[in-house]
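K.L.:
pasting the sequence and the predicted model now:
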Amino acid sequence: MIKIDENKCIGCGLCAKDCFTKDIEVIGQKAKSKRIRCIECGHCIAVCPKNAIILEDYPMSEILEYEKGKFELDEDQYLRALKYRRTIRQFSKKQVETQKIEKIIEAGRYSPTSGNQQNVSYCVVRDDIDPLRNMAIDELNKIANLSDEEKEKLNISWYGDMWKQMYLDYHGPNRKDGLFFDAGTLILVLSKSVQNAYVAAAHMETMAYAQGLGMLYSGFFARAVAHSKEMKGYLKLNQGQEVFACLVIGYPGIKYQRTVPRKEAKIVWR
């Protein structure tokens, strides 16, 4: 819940006007919190001209004051970066530094969530990559060998042959990793909300590339976890919690020279 310092408050009403749940009102030229429907979004903190509001049980020391030129994005450079971005499936052996992983997770932590639920958490996998890779590849092979009717229900009909070959390549004499491509770091995005997990993952991806890293969304791994009680138990997932995104991260082992084309956007203006 928020706490308002009446000595600082000037009753301007900006916080009440920007409060989506209408949990703030101005009485006697002072802002008051009803403490009924506050979702702890922090908009009131951000808009207050006198810095008169705090969120209880939150680290207020991490708040940054706005400075022009330090918080804006260059739109053209951002769009160019998006166009140049490629999914990476060739990684160097260089290990990703812990501070870079922490910054990627920080991008996820500050991503918006519906109702400000903040119900996204993260699992960083480095030491346990080998057992998780083994379980995932074995599980995908099991799915690939289901009946055609069962595969149709799972909407994975055409992936089956790919997963069977991945299994054979991995367990063959040359041990080819077609799941994580020998990357050294995974970040699993966990939540009960698929929407919140995907939004966080998208911002995390941008931060990874901003730090000179490359990444791959492993939907195959997420699908394997969803189908495997063993993997859910190994990851110690809470009730209702799912691995909605698996970010395979590392230093790129390939250099792209240019962007690629995309189909024209389909837009309806109304």
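P.N.:
Everything's here; your move.

K.L.:
could you chop this protein up by domain?
P.N.:
2-62, 75-250 (automatic domain parsing).

K.L.:
deepest-packed of those, please.
P.N.:
domain 75-250 (a mean of 17; mean count of other C-beta atoms under 10 Å). C-betas here are computed from N, CA, C, even on glycine.

K.L.:
adding distance to Lys263, write the domains of the chain out as JSON lines.
P.N.:
Converted to JSON lines, the domains of the chain look like this (distance: least, C-beta to C-beta, whole Å):
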{"stretch": "domain 2-62", "distance to Lys263": "37"}
{"stretch": "domain 75-250", "distance to Lys263": "14"}
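
K.L.:
now these as TSV including mean pLDDT?
P.N.:
Formatted as TSV, the domains of the chain follow (pLDDT from 0 to 100):
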stretch	mean pLDDT
domain 2-62	96
domain 75-250	94
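
K.L.:
nearest to Ile267 among those domains would be which one?
P.N.:
Closest approach to Ile267 among the domains of the chain is made by domain 75-250 (16.4 Å; C-beta to C-beta).

K.L.:
other SSEs contacting the strand of greatest length in the chain?
P.N.:
Ranked by number of residues, the top strand in the chain under DSSP state E is strand 242-250. Contacts defined by 3 or more C-beta pairs under 8 Å, 6 or more residues apart in numbering; DSSP states H and E place strand 242-250 against helix 98-109, strand 185-191, helix 194-210, strand 214-217, helix 219-227.

K.L.:
save those as TSV, and put in distance to Gly13 too.
P.N.:
Compiled in TSV, the helices and strands packed on strand 242-250 are given as follows (distance: least, C-beta to C-beta, whole Å):
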stretch	distance to Gly13
helix 98-109	30
strand 185-191	35
helix 194-210	31
strand 214-217	44
helix 219-227	46
